[in-house]
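S.K.: Here is the input, now give the coordinates:
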Amino acid sequence: MRYKNKIKGFILLLFLFSFSAFAADEATGDETQANENTAGTENMPASKPLQERSFTPSQVKRIEALTRQIEMNAADEIENLSFQGDTFLALHKVAQSNDPQGCIILLHGNNEHPDWPNVINPVRSELTKSSWCTISIEVPDSSKKEALSFTPKEDNETDQVEDNTLLTNEEVVFGRIDASIAFANEKGISNISLLGYGTSATYALKYSTSKQLSTGALILISASTPNQLAYFPFVELLKGSAQPVLDYYIRPNQFDRHYAQARRIAMLQRESQAPNYTQIKVTSNSEFTIDEKQLVQRIRGFLKQNTQQREQLKSLPEFSKSLFYQSP
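M.R.: As a prediction, this is how the structure comes out:
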């Protein structure tokens, strides 16, 4: 028995020795392979950070899809205007009258397009029945929406700018408005109104006050600031508006509600209450739903009472012109 036990012990020791040698060879091989991999990547460029991705289609794709749709149904509305050599989409609807009252330039909100179903489409379509032509223009995105990942900023990048009223893509947006006004003037129309929806309301506000537009009206729908810029500088600009202002909003978030309150207070503080400023807060069962029929009616009535117009095609209902009130 002792002899058999010695044989078993010898075999066990031989097995353990062989396993240890094999493990050492594996470790050496792994280390050699790791060194080879490291040596092969030393001169390779660092991997690039993930690029921004968004659930929202890019502006180029949105505009291409919209253009194809409009071409099938109303190709005559498409105008390719340009600013600094770059073309942009403008949708032009002529007034349903041989004697138009003026033209309204519409600016859609961020991540939207010139025929956006909320606000923009009903306004640009319905106001032509009241002898106004409409030009809805493409507005560059001011920010990406619902990013899945992001590209880290370089150390020298900053969100701060010297001019605290400078808006993202401001020069481009203002240049496109200029081109649209020039287009309307070529059609013999000089009475120009501006309508800005969402973030574009602040672009319209600054353009109107910077250019001191004195004809037509300035219409702000659910105004907000791009990238939640501080709104105080734009409130101060609003005090100098030479156009009558219709400020129309519906149950905004807290930031936009404060912006609306600041606009109302600023306009109350003016030495002269001319031109007219009307703020309308609309009640609704939804935070984002605007009664489009009521909106169009308010705009038509405001334009009739506050701009130089000839007789309209249809008689319009009268409504209060007080500084601000809550719509029923």
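
S.K.: Dump the C-alpha coordinates for the helix or strand encompassing residue 89 into CSV.
M.R.: With elements taken from DSSP states H and E, the one containing residue 89 is strand 86-93. What follows is strand 86-93, C-alpha atoms only, in CSV (Å, rounded to 0.1, in the frame of the first residue of the first chain):
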residue,chain,number,x,y,z
ASP,A,86,-26.6,80.4,-49.6
THR,A,87,-30.1,79.6,-50.7
PHE,A,88,-32.9,78.9,-48.2
LEU,A,89,-36.5,77.8,-48.5
ALA,A,90,-39.3,80.3,-48.4
LEU,A,91,-43.0,79.4,-48.8
HIS,A,92,-44.9,82.3,-50.4
LYS,A,93,-48.7,82.4,-50.4
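
S.K.: Show me which residues of the helix or strand that that strand is followed by are buried.
M.R.: Using DSSP H and E, the helix or strand that follows strand 86-93 in sequence is strand 102-107. By neighbour count on 16 or more other C-beta atoms under 10 Å, the buried set for strand 102-107 is 102, 103, 104, 105, 106, 107. To be clear about C-beta, it is placed using only N, CA and C from the backbone, and glycine gets the same treatment.

S.K.: With stretch 279-299 instead?
M.R.: In stretch 279-299, counting by 16+ other C-beta under 10 Å, buried: 279, 280, 281, 282, 290, 292, 295, 296, 298, 299.

S.K.: least confident pick among the residues you listed?
M.R.: On pLDDT alone, residue 290 ranks lowest of the buried residues of stretch 279-299, at 79.

S.K.: shouldn't that residue be in contact with residue 282?
M.R.: Yes. With contact defined as C-beta atoms under 8 Å, residue 290 reaches residue 282; the gap is 6.8 Å.

S.K.: So for stretch 118-130, what gets flagged as buried?
M.R.: For stretch 118-130, a neighbour-count test (16+ other C-beta under 10 Å) marks 118, 119, 120, 121, 122, 123, 124, 126, 127, 128, 130 as buried.

S.K.: ok so, going back, please enumerate the shared neighbours of residue 290 and residue 282.
M.R.: Common neighbours of residue 290 and residue 282, counting by C-beta atoms under 8 Å, 6 or more residues apart in numbering, are residue 250.

S.K.: Tell me which two of the buried residues of strand 102-107 sit farthest apart.
M.R.: Farthest-apart pair in the buried residues of strand 102-107 is 102 and 107; separation 16.5 Å (C-beta to C-beta).

S.K.: Return the set of buried residues in stretch 223-230.
M.R.: Buried positions in stretch 223-230, judged by neighbour count with 16+ other C-beta under 10 Å: 223, 224, 225, 226, 229.

S.K.: if I read this right, the fourth one contacts residue 143, doesn't it?
M.R.: Okay, so that is residue 226. Yes. Residue 226 is in contact with residue 143 according to C-beta under 8 Å; the separation is 6.8 Å.

S.K.: Quickly list what's touching both of the two.
M.R.: By the contact definition C-beta under 8 Å, 6+ apart, residue 226 and residue 143 are jointly contacted by 110, 168.

S.K.: Can you report the mean pLDDT over the residues of stretch 229-247?
M.R.: Mean predicted confidence for stretch 229-247 is 94.

S.K.: Which strands or helices does the helix or strand containing residue 67 pack on?
M.R.: Here residue 67 sits within helix 59-74, counting by DSSP H and E. Contact here means 3 or more C-beta pairs under 8 Å, 6 or more residues apart in numbering; DSSP states H and E; on that basis helix 59-74 packs against strand 78-83, strand 86-93.

S.K.: Low-confidence bits of this protein, can you list those?
M.R.: For the chain, residues meeting the criterion pLDDT under 70 lie at 1-56, 144-163, 251, 284-288, 309-328.

S.K.: how about the helices of it, start to end?
M.R.: Remark: helices assigned in the chain by DSSP state H are 2-41, 59-74, 120-126, 170-186, 200-211, 232-238, 254-268, 292-306.

S.K.: Give me the contact list for the third one.
M.R.: Applying C-beta under 8 Å, 6+ apart, the external contacts of helix 120-126 come out as 91, 93, 104, 106, 108, 112, 114-115, 134, 136, 195, 197, 292-293, 295-296, 299.

S.K.: what are the C-alpha coordinates of it, in CSV please?
M.R.: What follows is helix 120-126, C-alpha atoms only, in CSV (Å, rounded to 0.1, in the frame of the first residue of the first chain):
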residue,chain,number,x,y,z
ILE,A,120,-47.1,78.4,-38.8
ASN,A,121,-49.2,76.4,-41.3
PRO,A,122,-52.7,77.7,-40.1
VAL,A,123,-51.5,81.3,-39.9
ARG,A,124,-49.7,81.3,-43.3
SER,A,125,-52.8,79.7,-44.9
GLU,A,126,-55.7,81.5,-43.3
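
S.K.: what sits against residue 113?
M.R.: 59, 62, 63, 66, 138.

S.K.: Just checking: what are the partner strands of the strand holding residue 89?
M.R.: strand 78-83 (antiparallel), strand 132-137 (antiparallel) (DSSP bridges).
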